[in-house]
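[1] Build me a structure from this.
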Amino acid sequence: MLGAPEGFRALVGELPGSVKLGSGVRGTTALGICFVRTRAELAALMELLGAQLPRAAHVWVLHPRAGRKPDFNQNDVRDEGLAVGLVDYKVCAVDEDWSGLKFAWRER
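    Numbering: from 1, shown residues only. Predicted coordinates:
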């Protein structure tokens with residue numbers, strides 16, 4: 001989990017004992033949840049994911065909803081993911097502040 005806003009961990013609730021939450025991308029990462037607030041954070045995150053996200057992993061990239069007036073939008077998130085070889089396959093509205101796209105590596 002990267003960049004989570006204050007209080008987000010409490011929203012996740014209790015997790016199974018086999019789930020380990022961390023604050024980075026590792027070779028054992030199966031699912032990432034990453035928050036970005038600016039276009040610069042988005043670019044830095046995608047560079048990190050492109051270099052370190054395991055091939056079998058999936059990642060949610062959560063971004064401010066349009067009403068929060070970020071300097072980028074969902075299409076930018078998708079484009080940045082595609083540029084590093086990730087493909088989005090799910091979308092969600094987390095709450096009134098955050099939306100997200102779920103990515104996996106494009107099949108070769």
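
[2] So what touches the biggest helix by length in the chain?
    When the chain is parsed with DSSP state H, its longest helix is helix 39-52. Contact with helix 39-52 is made by 2-3, 25-26, 32, 34, 36, 59, 61, 63, 70-72, 76-77, 80-81, 83-86, 103, as judged by CB atoms under 8 Å, 6 or more residues apart in numbering. No exception for glycine: its C-beta is placed from N, CA and C like everyone else's.

[3] need the strands for this protein, in chain order.
    31-35, 58-64, 86-93, 98-105 (DSSP state E).

[4] And for the chain, the residue most distant from the center?
    Within the chain, residue 17 marks the point farthest from the mean C-alpha position, 22.6 Å out by CA atoms, centre = their mean.

[5] Next up, the contacts around that residue.
    No contacts exist for residue 17 under CB under 8 Å, 6+ apart.

[6] measure it to residue 101 for me?
    For residue 17, the distance to residue 101 equals 29 Å [CB to CB, to the nearest Å].

[7] in the helix or strand of the chain with the lowest mean pLDDT, what's buried?
    Using mean pLDDT, DSSP states H and E, the weakest-scoring helix or strand in the chain turns out to be helix 8-12, at a mean of 85. The neighbour-count check on helix 8-12 (16 or more other CB atoms under 10 Å) flags residue 8 as buried.

[8] related to what we said a few turns ago, distance of the residue farthest from the centre of the chain relative to residue 43?
    36 Å.

[9] list the buried ones in the longest helix of the chain?
    Quick answer for helix 39-52 (16+ other CB under 10 Å): 39, 41-42, 45-46, 48-49.
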